[in-house]
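S.K.: need a 3D model of the following:
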Amino acid sequence: MSRKNLPLVISFMGVDGSGKTTLAKKLIKFFKNSKYLHLKPYILCKDRRTVVKEPYKQKMSSSSISLLRLFSWLVSYKVFFFRNKKKNLFIFDRYAHDIILDPLRYKHNLSNSLTKWILNIFPKPDLWIFLKPSIKTLKSRKFELSDEDLKHQLKKYSIFFTNKKNVLILNTNKQYKILITKILKRIDRIVK
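M.R.: From the prediction side, this is the model:
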């Protein structure tokens, strides 16, 4: 991959069960000098998160904690990209903007307007990949949310990506091989 403005940043976005992790981990195998990240970079310590089995049953954080968390993420992203200018590719499984699309998961308690303003300061991916499977497919993979909650989240993601130019929307009911081919073609167009 040759590109003047390295690194290339790709973010997989979508509701739980849409196939983000599976596709991101399959895609990373195609590129040398690349890195897979989940949601955010860790610059001072290793990622020691554990899987939260029921993210929607957590208690909301205070506004000040939410603000502090979001600014700490901003610093992490900025420092991480500054330190890793020579990498070719970063593949994110979720990105900071997920916090506005799914605030309950992050216990986020800031207003949408303030959150959007702060997110505008974050580095933007070169390619957003929005995974949009059917409700039936989502329900077969994850059981945390009701059909109504899933429809609501899918609508929020769809609205978020409506005005973005660098978006690839994929129906992940299809075979992963077909999806990876579409992603690689889009990456080729960006790089050239």
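
S.K.: all helices for the chain, in order.
M.R.: Using DSSP state H, the helices of the chain run over 20-28, 63-83, 98-101, 112-119, 135-141, 147-162, 176-191.

S.K.: not counting sequence-adjacent ones, nearest residue to residue 137?
M.R.: Counting by C-beta to C-beta, 6 or more residues apart in numbering, residue 173 is the residue found nearest to residue 137 once chain neighbours are left out, at 5.2 Å. Backbone N, C-alpha and C define where each C-beta goes, glycine included.

S.K.: same check, this time on residue 7
M.R.: Nearest one to residue 7, counting by C-beta to C-beta, 6+ apart, is residue 87 at 4.6 Å.

S.K.: now residue 121
M.R.: Using C-beta to C-beta, 6+ apart, the closest residue to residue 121 is residue 74 (6.1 Å).

S.K.: other SSEs contacting the helix or strand of the chain with the lowest mean pLDDT?
M.R.: Of all helical and strand segments in the chain, the minimum by mean pLDDT, DSSP states H and E falls on helix 135-141, at a mean of 82. Counting contacts by 3 or more C-beta pairs under 8 Å, 6 or more residues apart in numbering; DSSP states H and E, helix 135-141 packs against helix 147-162.

S.K.: the helix it packs on - contacts with which helices or strands?
M.R.: So helix 147-162, by 3+ C-beta pairs under 8 Å, 6+ apart, packs with helix 98-101, strand 127-131, helix 135-141.

S.K.: what's the model's confidence in stretch 27-38, averaged?
M.R.: The predicted model gives stretch 27-38 an average pLDDT of 90.

S.K.: what comes into contact with it?
M.R.: 1, 10, 21, 24-25, 47, 49, 84, 86-94, 180, 183-184 (C-beta atoms under 8 Å, 6 or more residues apart in numbering).

S.K.: buried residues in that stretch, which are they?
M.R.: By neighbour count on 16 or more other C-beta atoms under 10 Å, the buried set for stretch 27-38 is 27, 28, 31, 34, 35, 37.

S.K.: nearest residue to the residue most central in space within the chain in space, please, no chain neighbours.
M.R.: What sits nearest the mean C-alpha location of the chain, by C-alpha atoms, centre = their mean, is residue 94, with 1.8 Å. Spatial nearest neighbour of residue 94, chain neighbours left out: residue 39 (4.4 Å); criterion: C-beta to C-beta, 6+ apart.
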